[in-house]
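Trainee: no sequence for this one, just the structure:
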């Protein structure tokens, strides 16, 4: 049944088509990560949720992998990936009503029973066009397949929705210890490096301090609703936050005239 699979639609664009090349990327990211002098006290933190970027792996893969290295210590039964819709405008939240999620290495099982129960409680609809080519969520699944090959997944894409509604959903998800939440967002887009650093600093500070007022001072993240919702949920659940990595596309492209910012963070 073709409709039973959420196809990997941006493979070969944002990440490699071939499983072996994805494994090579992750091996290189981990080689750099393992060479870093991260104190054991921090390395042993097991997050309940993470914020990760969603650009091409060449630009933001290391930053995303940084968060997954912490998350992989978790023994969760399902991972819920939440990202903004880039190509299809709609109101509310859409869920991945498919049976499996395709990645170049293997398919992941979608926890349909859990999604149906969640949908009744939180009015989660289904917008097929939102899922068809959404990269913000899709680029996360090869990482999840690598670190959590047997764990069930759910993809949630949000359109026009309030941070409060999304925060209520995240809070309910994290009330259940079997769940981990992945929030997908890049930071500022297409400013020069100096401007990008200044704008992104407000996002980083807001996440670090769990401070919504700081977020309003100029954070231009494309997944701002998701970040805001995660901060609200973290405050409600009394979680701590820690920034993990920050860089921009200029670190790879060497073009500092028009850059995109990337951050990863964890909540525990």
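Mentor: Received the coordinates, thanks. Everything numeric here is computed off the predicted structure, so don't read it as measured data.

Trainee: contacts only, for residue 186.
Mentor: Contacts here follow C-beta atoms under 8 Å, 6 or more residues apart in numbering; on that basis residue 186 touches 53, 54, 55, 60, 221, 222, 223, 260, 261, 262. For the C-beta atoms, the positions are set from N, CA and C on the backbone; glycine is no exception.

Trainee: where does the chain have low pLDDT?
Mentor: 1-2 (pLDDT under 70).

Trainee: partners of the spatially most central residue of it in the sheet?
Mentor: The centroid of the chain falls nearest to residue 184 when counting by C-alpha atoms, centre = their mean (2.8 Å). Beta-bridge pairing for residue 184 (DSSP bridges): residue 52.

Trainee: that one and residue 238: what is the separation?
Mentor: 24 Å (C-beta to C-beta, to the nearest Å).

Trainee: and residue 258, by the same measure?
Mentor: Residue 258 is 40 Å from residue 238, where distance means C-beta to C-beta.

Trainee: settle it for me: which of the two has more neighbours?
Mentor: residue 258 (14 against 7; other C-beta atoms under 10 Å).

Trainee: excluding its backbone neighbours, what's nearest that one?
Mentor: residue 190 (4.8 Å; C-beta to C-beta, 6 or more residues apart in numbering).

Trainee: hang on, that neighbour in a strand?
Mentor: Yes: assigned with DSSP: H, G, I helix; E, B strand; the rest coil, residue 190 falls within a strand.

Trainee: OK, contacts around it?
Mentor: Residues in contact with residue 190 (C-beta under 8 Å, 6+ apart) are 258, 259, 260.

Trainee: list phi and psi for the spatially closest residue to the last one that is not a sequence neighbour.
Mentor: Okay, so that is residue 260. Ranked by C-beta to C-beta, 6+ apart and with sequence neighbours excluded, the top spatial neighbour of residue 260 is residue 249, at 4.6 Å. Here is the backbone geometry of residue 249 (degrees, to the nearest 10): phi -60, psi -20.
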